[in-house]
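>>> here are the coordinates; sequence isn't available:
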């Protein structure tokens, strides 16, 4: 994401970056020095430095607590009697967290007059982030679309405005709930067909031209050799970590409970991801590794 953003910004712009993994940040900064185009890159020493004096701040964090902590650091120095209101500054949070936590952060930003805040979780995975083909699900005032959309399109190919603050996250959690279920179902179906003697590529091709077609079957197939670019060909390394899928599924289930929506399959799916995430040969791998957890045959 940062690489695409840097390359598509004007040379007169500055991209200030920060991450708890300082080695990765420095490597990114060193790599961009060799490039002749795009924005200049500066490495910030801490969160507050990354955000101060910025026109736009983009955050991507794993958990609600991380988002709260980061914005606490950004806003805290600005809550002193010496701070100057900056209502035009834009905060775009691309984290996948619960809508309630996101609204609380948005309220803190707005009530302190330190800018405008929108939620813009994304879909497309590591492949989409690298290729610049992500889809962003935006929650915030429609009036901010002309400002937010051009920024997000530097990192993706589609921006879907879902409604007011928190709506982007609601859409993302609904999508990832479906993805979590489809991923398990694909692993089960592939395992079933292979045990019946079907060739995995033949089975996958059949599914992908039939009504069972889905992203886990077509793009992220859990069986090695079926889709060359899928994590299954790298012992499930990279991709979307199973712990992150477990987190997103939990967030979706919690949000559904708050909304009074019945999820018949959610509890069982959570059991599968929780158990797989703790199994030694599945831990830390792409979430398609549930195929291994379910006892699928590996070529």
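Okay, I see it. Predicted model only: the values in this text are computed from it and were never measured. Residues are numbered from 1 along each chain as shown.

>>> and the most centrally placed residue in the chain, how far is that from residue 143?
Taking C-alpha atoms, centre = their mean as the criterion, residue 122 is the residue nearest the geometric centre of the chain, at 5.1 Å. The gap separating residue 122 from residue 143 is 22 Å, by C-beta to C-beta, to the nearest Å. Using the backbone N, CA and C atoms, a C-beta is placed for each residue, glycine as well.

>>> before we move on, the earlier item: got the contact list for the residue nearest to the centre of the chain?
94, 128-129, 134-137, 156, 172 (C-beta atoms under 8 Å, 6 or more residues apart in numbering).

>>> any idea of the mean pLDDT in the longest helix belonging to the chain?
As assigned by DSSP state H, the longest helix anywhere in the chain is helix 167-195. Averaged across helix 167-195, pLDDT comes to 98.

>>> stretch 2-11 now?
On average, stretch 2-11 scores 93.

>>> which residues does it contact?
Stretch 2-11 has contacts (C-beta under 8 Å, 6+ apart) with 15, 17, 28, 32, 35, 37-41, 58, 129-130, 132, 151, 154-155.

>>> buried ones in it?
Using 16 or more other C-beta atoms under 10 Å as the test for burial, stretch 2-11 gives 2-6, 8-9.

>>> would you mark the buried spots in the longest strand seen in the chain?
Looking across the chain with DSSP state E, the single longest strand is strand 156-163. By 16+ other C-beta under 10 Å, the buried positions in strand 156-163 come out as 156, 159, 161-162.

>>> for those residues, give me CSV that also has pLDDT.
Converted to CSV, those look like this (pLDDT from 0 to 100):
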residue, pLDDT
156, 97
159, 98
161, 98
162, 98
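
>>> low-confidence ranges, this protein, go.
Applying pLDDT under 70 to the chain flags residues 77-85.

>>> identify the structural domains in it and state their residue ranges.
Recorded structural domains for the chain (assignment: automatic domain parsing) are 46-164, 171-293.

>>> closest to residue 24 out of the ones you listed?
Shortest distance between residue 24 and the domains of the chain, using C-beta to C-beta, is found for domain 46-164: 13.0 Å.

>>> what's the first-to-last distance across the closest one?
31 Å (C-alpha to C-alpha, to the nearest Å).

>>> repeat that for stretch 267-287.
17 Å.

>>> in the helix or strand hosting residue 50, what counts as buried?
Per DSSP states H and E: residue 50 is located in helix 47-51. By neighbour count on 16+ other C-beta under 10 Å, the buried set for helix 47-51 is 47-48, 50-51.
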